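# Here is the input, now give the coordinates:
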Amino acid sequence: TETDSSTETDSSIAIESAADSNANGTPGPDIPMPTEAGGFSHTSASRAKISAANKGKIPWNKGKTRSEEVKKRIAEGVKRKNREKFLQKLDDLGVTEEEFEHQKKEERKEKDAERRARRTENGGYRPTEETKEKISKILKEKHAKGEIKKRKYE
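Numbers count the residues shown, from 1 in each chain. Got it, this is the predicted structure:
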């Protein structure tokens, strides 16, 4: 009947739309895509199989603690990697580390001065024009939806 055919159509649309998007949410068919490392990504079906196969298994490292030496090695590696990323960022910006720190300090001074200027005597603050516009926009949308009613002054 009509309800059966509409249900079939709805479910087939859902299946097609699910098949047209990858697990990471990007549009396109669910096909293996090349990765940066030179391999291929898993399809949704292969991910489901892997997940089902691993259900109930206990990870090999569950309950194991790391020694202080290992923790120190990991921390050093993370710091080294972060430092490399930072230096690459500086290189891309074309500034030295001292110049970058100076810029950051100046930006912080400007923000603090602006924040102090917006303070009121009672410890509050005056919102910026940008903040006022955002609040106004949100309140107008809520009034339009009927979530907020106009105040009645008596």
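# For the helix or strand where D91 lies, give the mean pLDDT please.
Under the criterion of DSSP states H and E, D91 resides in helix 68-93. The average pLDDT for helix 68-93 rounds to 97.
# again, but for stretch 142-154
Rounded mean pLDDT across stretch 142-154 is 84.
# Next, the angle from the following helix or strand past the helix holding D91 to helix 68-93.
As assigned by DSSP H and E, the chain's next helix or strand after helix 68-93 is helix 97-117. Between helix 97-117 and helix 68-93, the angle comes out at 90 degrees (axes from the mean of the first three to the mean of the last three C-alpha atoms, to 10 degrees).
# Give me the contact list for helix 97-117.
87, 90, 93, 95, 125 (C-beta atoms under 8 Å, 6 or more residues apart in numbering). For glycine as for every other residue, the C-beta is placed from the backbone atoms N, C-alpha and C.
# Any stretches of the chain with poor pLDDT?
1-29 (pLDDT under 70).
# What is the neighbour count of the closest residue to V95 other than its chain neighbours?
Of all residues not flanking V95 in the chain, Q103 sits nearest, at 7.3 Å (C-beta to C-beta, 6 or more residues apart in numbering). Neighbours of Q103 under the rule other C-beta atoms under 10 Å: 12.
# go on, Y125?
13.
# check contacts around it.
115, 118-119.
# how about a cut-off of 7 Å?
118-119 (C-beta atoms under 7 Å, 6 or more residues apart in numbering).
# List phi and psi for it.
Main-chain torsions, Y125, degrees, to the nearest 10: phi -150, psi 160.
# Repeat that for P34.
Torsion angles, degrees, to the nearest 10, at P34: phi -60, psi 140.
# how many other residues sit next to it?
When neighbours are counted by other C-beta under 10 Å, P34 comes out with 9.
# and it, how far is that from K64?
Distance, P34 to K64, using C-beta to C-beta, to the nearest Å: 35 Å.
# Equivalent analysis for K79, please.
24 Å.
# if you count what's nearby, which of those two comes out ahead?
K79 (10 against 7).
# Now do the helix holding D91: distance to the chain's middle.
Offset of helix 68-93 from its chain centre (C-alpha atoms, centre = their mean, to the nearest Å): 22 Å.
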